[in-house]
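Novice: Turn this into a model:
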Amino acid sequence: MFGFFSRKSKKTPEKSASNSGKQLEFGLPLPVVVLRSNVEDPDEEPFFLVFAVMQFVTAMVSKGLYRYPEIDTKAMQVLHADSYSSEVKNGGHSQFIHNAGQEIGAMIANARAGLTACGAKGQLATLEKMSSWIADHPNEAAQQTGFEGGRDDFLDTLDHAFYVADEAAPMENLLARWIASWPDLQVVDSDDYDDVIHRPVMANPKREGRLLHKSVGNLAGQMILSWRDVGPALPAPRSRRPRSKSRSAWQGC
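Specialist: The predicted model follows:
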């Protein structure tokens, strides 16, 4: 379907030799690992290569307990560029702003870098206009929900502009072409994939400490929720009747 996949396959002998399972070594920031079939099969949709990058990031964060800065910045740019596209297609720029919350600055920066690198000029233009609107209208931006009553008319016009741009040059195709060109992309066979992914997950030197911190946090959260549930069911404490002065005086005799 896409010529860039077939051109990429000419380099497969070198990649096969260097990226075959156990020979891979991982340092920080972590390089991205994807299946060979996602890169080389010209019949595959570009979605699968983009999704493979997001799947890798998710595994490293949720299982390896890596932080975003410890993962290849290009992967984060793909992740947030795709998040921007998905949110706009689902509920518009208004929904993207609402769901991004406090992370919107980092998400816009990463999406901007990713869209610039892959050549998604039309989508980049709508992102920049949204970013400028947020800076000029912070109060209105805070009120966006993605639903009726929480959508600004200007953002709706950006939605239309994004759809036009994405129909002319689909972002997924552009991102997939860019990913396939990464010189440090680690391409492995399906038989090796699980083992290769497992190695950096377990090799994180900070994983044990972060796992303990995460477990303690989860336990504390459960205890708080439990006390909230138990609290209303507890009987009210009995009030003690104050001793009268005459009674106290009599006891002292």
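
Novice: in the protein, which spans are strands?
Specialist: Taking DSSP state E to define them, one finds strands in the chain at 33-35, 186-188.

Novice: what lines up beside the last one in the sheet?
Specialist: Meaning strand 186-188. Strand pairing for strand 186-188, determined by DSSP bridges: strand 33-35 (parallel).

Novice: Ramachandran angles for Gly119?
Specialist: phi 80, psi 20 (degrees, to the nearest 10).

Novice: what's the spacing between the residue nearest to it when sequence neighbours are not counted and Gly122?
Specialist: Distances taken as CB to CB, 6 or more residues apart in numbering place Leu174 nearest to Gly119, at 5.6 Å, with adjacent residues excluded. Every residue, glycine included, has its C-beta placed from N, CA and C. To Gly122, Leu174 is 10 Å away according to CB to CB, to the nearest Å.

Novice: Who has more neighbours out of the two?
Specialist: Neighbour comparison, Leu174 and Gly122: the larger count goes to Leu174, with 22 against 19 (by other CB atoms under 10 Å).

Novice: Am I right that that one is in contact with Lys121?
Specialist: No. The criterion here is CB atoms under 8 Å, and Leu174 misses it with Lys121 at 9.4 Å.

Novice: Now do the shared contacts for those two.
Specialist: Counting by CB atoms under 8 Å, 6 or more residues apart in numbering, no residue touches both Leu174 and Lys121.

Novice: sorry, back to before: tell me the pLDDT of the residue nearest to Gly119.
Specialist: pLDDT recorded at Leu174 is 95.

Novice: ok, now Pro138?
Specialist: Pro138 carries a pLDDT value of 97.

Novice: could we number from 253 for the rest of this?
Specialist: That works, and once the first residue is 253, the last one we named lands at Pro390.

Novice: still on that earlier bit, any chance of the strands of the chain in CSV, plus mean neighbour count?
Specialist: As requested, these are exported to CSV (neighbours: other CB atoms under 10 Å):
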stretch, mean neighbour count
strand 285-287, 22
strand 438-440, 21
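
Novice: how about the ones you listed, which one is nearest Glu419?
Specialist: Relative to Glu419, the nearest member of the strands of the chain by CB to CB is strand 285-287, separated by 26.9 Å.

Novice: Off-centre distance for the closest one?
Specialist: 18 Å (CA atoms, centre = their mean, to the nearest Å).

Novice: Please list the residues outside that strand that contact it.
Specialist: 276, 301, 304-305, 308, 431, 437-442, 445, 448-449.

Novice: Of these, grab the buried ones for PyMOL.
Specialist: Selection of buried members from the contacts of strand 285-287 for PyMOL, criterion 16 or more other CB atoms under 10 Å:
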select buried, resi 276+301+304+305+308+431+437+438+439+440+445+448+449
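
Novice: could I get the strands of the chain as a markdown table with mean pLDDT?
Specialist: A markdown table is the format used below for the strands of the chain (pLDDT from 0 to 100):
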| stretch | mean pLDDT |
| --- | --- |
| strand 285-287 | 96 |
| strand 438-440 | 95 |
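
Novice: Those: which one's closest to Val468?
Specialist: Nearest to Val468, of all these, is strand 285-287, at 30.6 Å by CB to CB.

Novice: Distance-wise, check the most centrally placed residue in the chain relative to Asp447.
Specialist: Nearest to the geometric centre of the chain sits Leu331, at 6.1 Å (CA atoms, centre = their mean). To Asp447, Leu331 is 24 Å away according to CB to CB.

Novice: Tyr318 now?
Specialist: Going from Tyr318 to Asp447 by CB to CB gives 18 Å.

Novice: what's the longest helix along the chain packed up against?
Specialist: If you go by DSSP state H, the chain has its longest helix at helix 325-352. Packing partners of helix 325-352 (3 or more CB pairs under 8 Å, 6 or more residues apart in numbering; DSSP states H and E): helix 298-314, helix 356-370, helix 373-388, helix 405-420, helix 423-432.
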